[in-house]
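In: Generate coordinates for the sequence data below:
(one chain, ligands or ions: 1)
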Amino acid sequence: MEQAGILGLGCYLPSRKMTNKDLEKLVDTSDEWIMTRTGIKERRIAPKESAASDLGVEAAKLAIKDARLKPEDIDLIIVATVTGDMAFPSTSCIIQDKIGAINAAAFDINAACSGFVFGITIAKQFVDSGLYKNILVIGAEKMTSLVDWTDRSTCVLFGDGSGACIVGKSKDRQIASYFIGCDGSGSNLLRLPAGGSRIPATEDTVKNKLHFLKMEGNEVFKLAVKVMADAANKAITKAGLLCSDINLLIPHQANIRILLAVAKKLGLPEEKIFLNIEKYGNMSSASTAVALAEANKDGRIKKGDNVCLVAFGSGLTYGAVVIKW
Ligand code: UT7
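Out: Here you go, the predicted structure:
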């Protein structure tokens, strides 16, 4: 029976690499500290003139081509981002224009690093209800535009990139289940303090660096392990599966120690976890989007596999989807 599934995938990474050695010249850190504490070796940096929409357009074009569709075939564009080109209009509208998806409605969602998982979940509802046929879901982030390059506790973690998928009715690669959740009591743990209606931009907010992201790393770490394992477990159970039935877990690439702890909680061996954090760091909503496209391209997913995408992020948001490939 046909139901919502993945019709096409694509991802885009800016070519400029920033290594841990490069960061050693900016802040008091070391390649050894970053590698052992996070698993990150390098990250990509988008050009100064590029915004999230420019990154998203590249991934979107590849996903549309992969699905053998034309931009006019897209009915809806959902962009997950916390680094949109501007507060409004939505980045999805800018992408709609740039790719010529003239028949598509478009909106952004902000579920931070969980955004791509939330986006797939939303797309499934529209497809299964019959309202839309082809939905373009994009995770696009220029995280380096929010990074304080003098704060060693955060600047080593993030990178830029984008990934996209087309969700439509399909006989394979079906979205078997989903679970999304939130714990708003953790909303202070990872945030961009100024520039919104609470603290609009002033000379003081700029001087006090309130337009850069702030994070309580230790607190986020502890919660991340718990909520990612819980979300994955819930989605896997909803799909009528056991953790041992999962062939590949594709987690949000936040910190290798978090990911290995999640795998351990789920009883999954390391070889069943897809990791690309070493190359790209944390790209927020783009992390799971890029990882899914890369895992497929690298032949890590075979027909019949059960794939679980799981993420957590600022909010705190969390979620997982199970895809039967
Ligand atoms: O998708 C968004 C979600 N965010 C995350 O997933 C982040 C979750 N948290 C983490 O990944 C980790 O907490 C961090 C990587 C951010 C930090 O690792 P940690 O093992 O929790 O280190 P820590 O914050 O406890 O700091 C240990 C020490 C401190 O020094 P003292 O106080 O022990 O002297 C820090 O000042 O490491 C120091 N430190 C650094 N040293 C070298 C912090 N950042 C750095 C650095 N280089 N870049």
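
In: center of this protein - which residue?
Out: S285 (2.3 Å; CA atoms, centre = their mean).

In: got a list of what that one touches?
Out: By CB atoms under 8 Å, 6 or more residues apart in numbering, the contact list for S285 reads 80-82, 111-116, 119, 139-141, 313. Just so you know, the C-beta spots here come from the backbone N, C-alpha and C atoms, and that holds for glycine as well.

In: Keep those residues, but drop any that are not near the ligand.
Out: Filtering the contacts of S285 for neighbours of the ligand using CB under 6 Å from any ligand atom leaves C113, G313.

In: Up against the ligand, what does the chain have?
Out: So the chain meets the ligand at 29, 33-34, 37-38, 113, 152-153, 156, 190, 217-218, 220-221, 224, 254-255, 258, 282, 313 (CB under 6 Å from any ligand atom).

In: hmm, back to that, can you name the residues that contact the spatially closest residue to the residue nearest to the centre of the chain that is not a sequence neighbour?
Out: Spatial nearest neighbour of S285, excluding adjacent residues (CB to CB, 6 or more residues apart in numbering): G115 at 3.3 Å. Taking CB under 8 Å, 6+ apart as the contact definition, G115 lies against A80, T81, V82, I109, G139, S284, S285, A311, G313, T317.

In: Can you flag the buried ones in the residues of the chain next to the ligand?
Out: Those of those that meet the buried threshold are 29, 34, 38, 113, 152, 156, 190, 220, 224, 254-255, 258, 282, 313, by 16 or more other CB atoms under 10 Å.

In: Grab the longest helix from this protein for me.
Out: helix 217-238 (DSSP state H).

In: which residues make contact with the helix or strand just after that one from outside it?
Out: Next in sequence after helix 217-238, counting helices and strands by DSSP states H and E, comes strand 248-251. Strand 248-251 has contacts (CB under 8 Å, 6+ apart) with 228, 232, 259, 262-263, 266, 268, 272-274, 288, 291-292, 295, 300-301, 305-311.

In: Next, E216: phi, psi?
Out: phi -90, psi 90 (degrees, to the nearest 10).

In: show me what contacts whatever residue of the stretch 1-150 of the chain ends up closest to the ligand?
Out: Closest to the ligand within the stretch 1-150 of the chain is T29: 3.3 Å, counting by CB to the nearest ligand atom. By CB under 8 Å, 6+ apart, T29 lies in contact with N20, L23, R152, V156.

In: hmm, back to that, filter the contacts of strand 248-251 down to the ones in helices?
Out: Those of these lying in helices (DSSP H): M228, A232, L259, V262, A263, L266, T288, A291, L292, A295.

In: so what's the residue nearest to the third one when sequence neighbours are not counted scoring on pLDDT?
Out: So the one you mean is L259. Leaving aside its sequence neighbours, L259 sits nearest to P251 (CB to CB, 6+ apart; 5.1 Å). On the pLDDT scale, P251 is placed at 98.

In: With M1 instead?
Out: 83.

In: Let me know how buried the closest residue to it other than its chain neighbours is, in neighbour terms.
Out: Sequence neighbours aside, K171 is the residue nearest to M1 in space, at 8.0 Å (criterion: CB to CB, 6+ apart). Using other CB atoms under 10 Å, K171 is surrounded by 9 other residues.

In: contacting residues for K171?
Out: With CB under 8 Å, 6+ apart, K171 has these contacts: M1, E2, G5.

In: Check the offset of whatever helix or strand the residue nearest to S285 lives in from the chain's centre.
Out: Under the criterion of DSSP H and E, G115 resides in helix 115-128. Centre-to-centre, helix 115-128 and its host chain are 13 Å apart (CA atoms, centre = their mean, to the nearest Å).

In: ok, the residue nearest to L259 - how many residues close by?
Out: Neighbour number of P251 under other CB under 10 Å is 26.

In: Name whatever forms a beta bridge with it.
Out: V310 (DSSP bridges).

In: Give me the distance between it and A224.
Out: Distance of P251 to A224, computed by CB to CB, to the nearest Å: 10 Å.

In: swap in G5?
Out: 28 Å.

In: which residues of the stretch 1-150 of the chain fall in helices?
Out: For the stretch 1-150 of the chain, the helices defined by DSSP state H, counting those that start in this stretch occupy 20-24, 31-38, 52-66, 91-99, 115-128.

In: I'd like to know how far the closest residue to L268 other than its chain neighbours sits from I78.
Out: In space, and not counting its chain neighbours, L268 is closest to L249: 5.8 Å by CB to CB, 6+ apart. Counting by CB to CB, the gap from L249 to I78 is 23 Å.

In: coming back round to it: who touches both of P251 and A224?
Out: Shared contacts of P251 and A224, defined by CB under 8 Å, 6+ apart, comprise V262.
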